[in-house]
Every structure is written in C-alpha cells, then in structure tokens.
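**Q** 3D model of this:
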Amino acid sequence: MNKRVQRLRERMAEHNLDAMLVGAPVEDTFRTYGANRRYLSGFTGSMGWLLVTQTDAFIAVDFRYYDQATREAPEFTLFKGNGSLERWLPDLLKEAGVQGKRVGFEPAGVTYGMYQGLQRVRETIPGSERPTFEPAPPLVEELRAIKEPEEVARLQRAVDLGDEAFEAVAARIEPGWTETQVAWEIEMYAREHGADALSFETIVAGGPWGAMPHAQPRDQRIEAGQPIVIDMGVKIDGYCSDLTRTIILGEPDDQFKKIYEIVLTAQLTAEELISTEMKGEAAHMLAHNVIAEAGYGDYFGHGLGHGVGLLVHETPRLARSSQDVLQDGMIITVEPGIYLGDWGGVRIEDMAVIENGRARILSHAPKLSF
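**A** Predicted coordinates:
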C-alpha cells in the first residue's frame, strides 16, 4: 500500500481510530473539495469515498467512476456505491470489518445533513455491531502540509509557468486595456503553454479597486499611473501556483514608490527570517512589524501567507493567532500588502519551500525597483 496511506494509518493509531472515512461535502466538479481523497488514492473523479482501516483500503464510487477508480486507485479495493450514502455504507462497513469499532470522519468534509445520514446508517446496524462515528482531527491535511520531493517538483513547474504567464502579459499591458482583458490574456497564455487550469480566477485590480485584496476584474480601462494588483495562479498535474505582483503603467509617483518599498521590505524581511519551528503568528509579525513601523499597520489586515499544494489554500496559515508550526517540506506563500481605500493597493507574493530550516523562494517573476 502506498506510503501516504501507511502514514495515515499511523496517525489513526495515535488517535485510537480503527478506520477513517475520507470524502467531500459536495460533488467536486471544480476539483476544490476532494483533495484529501486524491492525495491518498490518486482518484480525480468528482464523487467518491475512501474507507481506510489498518489492513484494507476501499474506494466507493458510483457507476460513472468504476473504470476510472480502478485505473487511478489500483491499490484500493473498488466498492460499487450507487445511490445515497445510507443505501450502501452499511454494506461497506461490514465488508471492511469495522462493526462495533471507531470510525473517524472529517468534520470539514461532512455537512450537517451528511452527519445526520451517518447517524441513520448507524441506527440500521444491530446494536452490538454499530460502529461509532467520531470527528477526527485534520489528519490528511496535516500529511499534505509536508510535501514530498515529487510534489515540490510539480509545484515548481506550476510556479514557473505562472511566472512566465505573468511576465509575458505584463510586458504587453497598455493604458486602455481592461482588467478583464488582462485576466483573459493571462488565462490564454497559461492554457496554451501547458496549464491544466487556473488555481483560481485571476485578480486584476487597478487604482482604488486594488484596495480590495480579492477584487474581481472589471471591464474598467486601466489608466497610466495607477497601481495594478495582479494575483494569479495555474494548475499543472493537480498542483497550484500563487503569485501576486503590483505594477504601474508609466512613471510611478512618490506615493507609489513609498508604499511599494514598504511592502517589498516587509516581504524580503519575512522571507529572510522565516524558519522552522516558528509559529504562523510569529512569521506573520515579521512582515507586519515592518509595515506597522512605517505607519501602515492598520492597512495590512490579512495574513502573511498560507500553504499551497493540491489546493491553493492549505495548511499552514501564516497569520495572527495561527499556532501552526513551520516545518521542512512545507510550501508557503509570503504576501504582505498595504491597501488604501481612496488610492489602491500594493501586494507582492512569492511561493517558497521550507528547506534546511529556511525559506527557499520558488517564484522568480520580476519585482519593481526604483
């Protein structure tokens, strides 16, 4: 059985779980919710459940995915699970031999309605054979946070293509282009050069619109002299990239230079000082303190960064109150920003891998210098 499943079994034993149920709260048409299932099994379909015990591993899918599950998850025993969970789960539990045992489920992967369904399943099973369904810690997410060398290589390929797409399009932007045009040009370039998809809908925000960290692009023409925040990412082989650069068309004014330099200094400081065993809160404060000392602490309101992998937002979190501990093998973003409502925003974001106790930067798209 693959090493990921074995590591999960070790974690299950630590928490006295006899089995683990892994799925997703909704059908994962857009590859957003089934990352744990894919990570463990390799299955990329939109619907299905894994049941892992200390000796067996099952993948339950409906008719649409019999062949796909057999091809993509050959180390898992195929279980034909058609219809509602309540219709087939009792038979799967019996086949897995977990009668009367502790079965963990993922709280983040189960809706309240699904939880009620699990309780109804339990009630259909004779009393002595009823398993106990228990909310488990984020065991798979914690495994995913530490990337294997092949995952780092895949992420680097996604980062490289994202960098390339940004550079190719940023060099061509002219006053009069709309924000949506910029976003579309980035998507076209990425797809034409090997991206499977975007990590998320590209953010392009000019002028005051850039003061919203997650602004959506508009049919608004970009003007010379405005800061333009571009936040983008691509997927290759299921793995995401995440990059933000802030550019300006024409000659930057003193305000832009000042804000940009503060943000860049904050980012470079954090990238230099981030280390293993540091908590996410401490990492965040490396950049926040630089911005606060410059008088703009109230204008940097989001976290410094987050993990990236099969999803664009993963463990760990680098933010106020985050107790996540940075470890070698984690892939993170470092993305401080300053946002002024009547002017705009500046955000600069790189991806990095924690190696040998320090952050090694994966992103190489150019930044501005004055």
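**Q** what about the residue lying closest to residue 212 once chain neighbours are set aside, which SS state?
**A** In space, not counting the residues next to it along the chain, residue 212 is nearest to residue 205; the distance is 6.7 Å by Cβ to Cβ, 6 or more residues apart in numbering. No exception for glycine: its C-beta is placed from N, CA and C like everyone else's. Reducing the assignment to helix, strand or coil with DSSP: H, G, I helix; E, B strand; the rest coil, the entry for residue 205 is strand.
**Q** residue contacts, residue 205?
**A** For residue 205, the contact set (Cβ atoms under 8 Å, 6 or more residues apart in numbering) comprises 179, 212, 215, 217, 228-229, 344-345.
**Q** What pLDDT does the model give residue 32?
**A** The score at residue 32 is 84. That number is its pLDDT.
**Q** Assess the claim that it and residue 311 are in contact.
**A** Yes: with contact defined as Cβ atoms under 8 Å, residue 32 and residue 311 form a contacting pair (7.2 Å).
**Q** still on that earlier bit, of the contacts of residue 205, buried ones?
**A** Burial by neighbour count, 16 or more other Cβ atoms under 10 Å: within the contacts of residue 205 this picks out 179, 215, 217, 228-229, 344-345.
**Q** Spell out the residue ranges of the strands in the stretch 51-200 of the chain.
**A** According to DSSP state E, counting those that start in this stretch, the stretch 51-200 of the chain carries its strands in the segments 57-61, 77-80, 102-105, 132-135, 197-198.
**Q** will you turn these into CSV that also has distance to residue 175?
**A** Putting those into CSV (distance: least, Cβ to Cβ, whole Å) gives the following:
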stretch, distance to residue 175
strand 57-61, 52
strand 77-80, 57
strand 102-105, 54
strand 132-135, 54
strand 197-198, 25
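**Q** now for these, which one comes closest to residue 254?
**A** When those are ranked by distance to residue 254, counting by Cβ to Cβ, first place goes to strand 197-198 at 35.0 Å.
**Q** Take the contacts of residue 205 and keep only those in helices.
**A** residue 179 (DSSP state H).
**Q** Could you check how many residues crowd around residue 219?
**A** Applying other Cβ atoms under 10 Å, we find 8 residues neighbouring residue 219.
**Q** show me what contacts residue 240?
**A** By Cβ under 8 Å, 6+ apart, the contact list for residue 240 reads 155, 158, 199, 233-234, 308-312.
**Q** now with 6 Å?
**A** Each residue near residue 240 by Cβ atoms under 6 Å, 6 or more residues apart in numbering is listed here: 199, 233, 308, 312.
**Q** Check the burial of residue 127 by counting its neighbours.
**A** 8.
**Q** And residue 251, by the same measure?
**A** Based on other Cβ under 10 Å, the number of other residues close to residue 251 is 8.
**Q** Residue 64 too?
**A** Residue 64 has 13 nearby residues by other Cβ under 10 Å.
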